[in-house]
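# What would the 3D arrangement of this be:
(chains A, B, C and D)
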Number of protein chains: 2
Amino acid sequence: MLAETLKKSFDKYFNAPIEAWIEFAAFCEPITFEKDQIIKPQGSTEKYFYFIIKGSAGLFLWKETNFVCLDFAFENNACCDYMSLLTRQPTELEVVALEKSEMIRISSANFHILSRKSVGQVIMQMTAEASFIEKQQQQIELLTKTAEERYKILQTKFPDIHQRIAQKHIASYLGITPQSLSRIRSGSY
Amino acid sequence: MLAETLKKSFDKYFNAPIEAWIEFAAFCEPITFEKDQIIKPQGSTEKYFYFIIKGSAGLFLWKETNFVCLDFAFENNACCDYMSLLTRQPTELEVVALEKSEMIRISSANFHILSRKSVGQVIMQMTAEASFIEKQQQQIELLTKTAEERYKILQTKFPDIHQRIAQKHIASYLGITPQSLSRIRSGSY
DNA sequence: TTGATTTATTACCATTTGGTAACAACTTTG
DNA sequence: CAAAGTTGTTACCAAATGGTAATAAATCAA
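The predicted model follows:
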């Protein structure tokens, strides 16, 4: 049941009674995506906040002739073009399902309504803060670690990422070409 | 007067009556820093949230033998080790005044109290969201732009940065060495 | 002001990463 | 299953960036 899933996912961060989650769950609707399905196309404004029950997704940005991945999201994590959702403005970011996925989503309107409710407010504040911290960690890695170190950190964070996500996406997330990642993995240097 | 300065700085984002700002200002205290003064040393937990009235500051991280700059902050902007403030945990990040500066600060305890008050809550949520967006923009630049392009973007954002901030700090922010920035500026390539 | 220290510039070469291309491995689809 | 398309690997060379060092310029401090 959805309220229980939510409670279980968020209990490690803060406690809220199951009743609050039942109220919260009323704002959610389930949705499924096929592999490679575009959840939010570039140039559009984000209309939903997604929470992944099963599967994975990526946040992409076009760069010359290929896509760069800004973020991966897996089970029990949020996934959306958060920048667009917050600003209510269109962006060039694209959200894509990287596996067959089951998610729940909250419409943009409900997301902003929930921001003013007790449980919702805590979640929204927490989401904004956690997203910032996550982004700053990524910036720190890009500025202070080599591509090889960044790859190892990613592997530690998501041990099965290589079984689930195409190497070209991992490479773009690391800020290198697929060839370079191939060389790193083979231990050429 | 402080409440008026705050109101003026934040009015572009949302409206709040001057009374709310007077209440808010009661939580603030003024403080000054000399150039190169360490505001928050590495390994410590952030005890304050700062707002710059005059001057500038940088957020730094040690990398092998030099510092890398994660962020610059100037007049009318916040400045602190926000990650440490949010998590209440120590970090390796260091906050340094880059010019003689006048700031106001809010203690960590008051910062978290304010998060539950009406005006404070809006500011805190806004701060978290704006910080995330800013960080994601930086990540996008690091992943999709060349060092030269990133330098031009920075110049557009802070036209007088080169008059105010040491080039080595700008270089570290861009993710390159001071020598590389020197070459970019001279138009060697 | 002068000498000492720090910062910026330039040149040189080393290292890392990028891009093209050919091929191999894998995946998808009919 | 077989053909077509996509993805991953490797080799090669090109381009970008790093690191050392010598010098010049700027800043700081006595």
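# quick one: the strands in chain A?
In chain A, strands defined by DSSP state E lie at A:28-33, A:38-40, A:48-54, A:57-63, A:66-73, A:78-79, A:94-97, A:101-107, listed in chain order.
# Which of the ones you listed sits closest to DNA strand D?
DNA strand D lies closest to strand A:66-73 among the strands of chain A, at 9.4 Å (C-beta to the nearest atom of the strand). Glycine gets a C-beta too; all of them are placed from N, C-alpha and C.
# Pull up the pairing partners for that closest one, direction included.
Listed by DSSP bridges, the sheet partners of strand A:66-73 and their directions read strand A:57-63 (antiparallel).
# Relative to the whole chain's centre, how far out is the partner strand?
Mean-position distance between strand A:57-63 and its chain equals 11 Å (C-alpha atoms, centre = their mean, to the nearest Å).
# Equivalent analysis for stretch A:159-176, please.
Its chain's average C-alpha position is 14 Å from that of stretch A:159-176, according to C-alpha atoms, centre = their mean.
# related to what we said a few turns ago, compare the strands of chain A and give me the one nearest residue B:58.
Each of the strands of chain A was scored for nearness to residue B:58 using C-beta to C-beta, and the closest is strand A:66-73 (24.4 Å).
# From the chain's centroid, how far away is that closest one?
The answer for strand A:66-73 is 10 Å, by C-alpha atoms, centre = their mean.
# Say whether DNA strand C is contacted by the top helix by length along chain A.
Secondary structure assigned by DSSP state H gives helix A:118-144 as the longest helix of chain A. No - figure legend: helix A:118-144 not in contact with DNA strand C (C-beta under 7 Å from any atom of the strand); closest approach 10.8 Å.
# List the buried residues for that helix?
Going by neighbour count (16 or more other C-beta atoms under 10 Å in any protein chain shown), the buried part of helix A:118-144 is A:119-120, A:123-125, A:127-133, A:135-136, A:138-144.
# filter those by proximity to chain B?
Of the entries in these, those that also sit close to chain B under the rule C-beta under 8 Å from any C-beta of the partner chain are A:124-125, A:128-129, A:131-133, A:135-136, A:138-140, A:142-144.
# Going by distance to residue A:22, which of those residues wins?
Relative to residue A:22, the closest of these is residue A:124; by C-beta to C-beta it sits at 18.3 Å.
# which residues does that closest one contact?
A:111, A:114, A:115, B:125 (C-beta atoms under 8 Å, 6 or more residues apart in numbering or on different chains).
# Most neighbours out of those, which is it?
Each of the contacts of residue A:124 was scored by neighbour count (other C-beta atoms under 10 Å in any protein chain shown); the top score is that of residue A:111, with 22 neighbours.
# Per-residue pLDDT of that one, please?
The per-residue pLDDT reported for residue A:111 equals 87.
# what's the answer for residue A:118, then?
In the prediction, the pLDDT value recorded for residue A:118 is 69.
# ok so, going back, minimum pLDDT in the contacts of residue A:124, which residue is that?
Across the contacts of residue A:124, the member with the lowest pLDDT is residue A:115, scoring 78.
# residues contacting that one?
When the contact criterion is C-beta under 8 Å, 6+ apart, the partners of residue A:115 are A:121, A:124, B:125.
# mind saving the C-alpha coords of stretch A:62-72 as PDB?
What follows is the C-alpha trace of stretch A:62-72 in PDB, where atoms were taken according to Å, rounded to 0.1, in the frame of the first residue of the first chain:
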ATOM      1  CA  TRP A  62      21.800  17.900 -25.000                       C
ATOM      2  CA  LYS A  63      25.400  18.800 -25.700                       C
ATOM      3  CA  GLU A  64      26.400  19.200 -29.300                       C
ATOM      4  CA  THR A  65      25.700  15.700 -30.700                       C
ATOM      5  CA  ASN A  66      25.000  13.700 -27.500                       C
ATOM      6  CA  PHE A  67      23.300  13.800 -24.200                       C
ATOM      7  CA  VAL A  68      25.000  14.400 -20.900                       C
ATOM      8  CA  CYS A  69      23.500  12.800 -17.800                       C
ATOM      9  CA  LEU A  70      23.300  15.100 -14.800                       C
ATOM     10  CA  ASP A  71      21.800  12.600 -12.400                       C
ATOM     11  CA  PHE A  72      20.700   9.000 -12.000                       C
END
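# so who does the residue lying closest to residue A:7 once chain neighbours are set aside touch?
Of all residues not flanking residue A:7 in the chain, residue A:21 sits nearest, at 4.7 Å (C-beta to C-beta, 6 or more residues apart in numbering or on different chains). Residue A:21 is in contact with A:3, A:4, A:6, A:7, A:119, counting by C-beta under 8 Å, 6+ apart.
# Same question for residue A:75.
For residue A:75, the contacting residues are A:52, A:53, A:54, A:55, A:56, by C-beta under 8 Å, 6+ apart.
# For the third one, name its beta-bridge partners.
When bridges are taken as DSSP bridges, the partners of residue A:54 come out as residue A:102.
# who's in contact with residue A:143?
Shown in contact with residue A:143 (C-beta under 8 Å, 6+ apart): B:61, B:63, B:68, B:70, B:142, B:172, B:175.
# so what pLDDT did the fourth one get?
It refers to residue B:70. 97.
# I figured residue A:170 hits residue A:153, correct?
No - judged on C-beta atoms under 8 Å, residue A:170 makes no contact with residue A:153 at a distance of 11.9 Å.
# From the neighbour counts alone, determine which of these two ranks first.
Shown here are residue A:170 and residue A:153; by other C-beta under 10 Å, residue A:170 has more neighbours (22 against 14).
# gap between the helix-or-strand element of chain A with minimal mean pLDDT and the chain center?
Comparing helices and strands within chain A by mean pLDDT, DSSP states H and E singles out helix A:2-10 as the least confident, with a mean of 82. When C-alpha coordinates are averaged (C-alpha atoms, centre = their mean), helix A:2-10 and its chain have centres 18 Å apart.
# same check, this time on stretch A:67-77
Chain-centre distance of stretch A:67-77: 4 Å, with C-alpha atoms, centre = their mean.
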